[in-house]
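Trainee: Here you go, sequence then predicted model.
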Amino acid sequence: MWIDCLAVERSPDKMSGAWLFRGTRVPISSLFENLRDGATINEFLDWFPGVERWHVETVLDHETLSLNNITD
């Protein structure tokens, strides 16, 4: 669950309640969409200046752990 991830936050008053990188207005879905479309993490960080590397690494680690828990 994303609620357990320190790099993200959600508020009904921001971006229609989407999960955002903490302290930004950048939805975490934008990371996955950009990676799917072939962007690198460095490109993503250049395109979204408020997002820091630790945000991205924490989100990707969290997603990986979540997927591993589904298959167990």
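Mentor: Sure, I can see it.

Trainee: can we go C-alpha only for contacts and neighbour counts from here?
Mentor: OK.

Trainee: Regarding residue 12, what is its secondary structure?
Mentor: Of the three states, residue 12 takes coil according to DSSP: H, G, I helix; E, B strand; the rest coil.

Trainee: Just want the most central residue of the protein.
Mentor: residue 28 (3.2 Å; CA atoms, centre = their mean).

Trainee: for that residue, phi and psi?
Mentor: Phi and psi for residue 28, reported as degrees, to the nearest 10, are phi -70, psi -30.

Trainee: For residue 52, see how far away the residue lying closest to it once chain neighbours are set aside is.
Mentor: Using CA to CA, 6 or more residues apart in numbering and skipping residues adjacent in sequence, the residue nearest residue 28 is residue 20, 5.3 Å away. Between residue 20 and residue 52 the computed distance is 12 Å (CA to CA, to the nearest Å).

Trainee: between those two, which one's more packed in?
Mentor: Set side by side, residue 20 and residue 52 show more neighbours around residue 20, with 21 against 16, by other CA atoms under 10 Å.

Trainee: Now that one: phi and psi?
Mentor: Torsion angles at residue 20 (phi, psi; degrees, to the nearest 10) stand at phi -120, psi 150.

Trainee: which residues does it contact?
Mentor: When contacts are counted by CA atoms under 8 Å, 6 or more residues apart in numbering, residue 20 touches 8-10, 26-28.

Trainee: Would you mind naming the residues that bridge with it?
Mentor: Counting by DSSP bridges, residue 20 forms beta bridges with residue 9, residue 27.

Trainee: Renumber starting at 207 from here on
Mentor: Sure thing, new numbering starts at 207, so read that last one as residue 226.

Trainee: got a pLDDT number for the closest residue to residue 256 other than its chain neighbours?
Mentor: Excluding the flanking residues, the one nearest residue 256 by CA to CA, 6+ apart is residue 230, at 6.0 Å. Residue 230 carries a pLDDT value of 97.

Trainee: ok, now the one 3 residues further on?
Mentor: For residue 233, the pLDDT comes out at 97.
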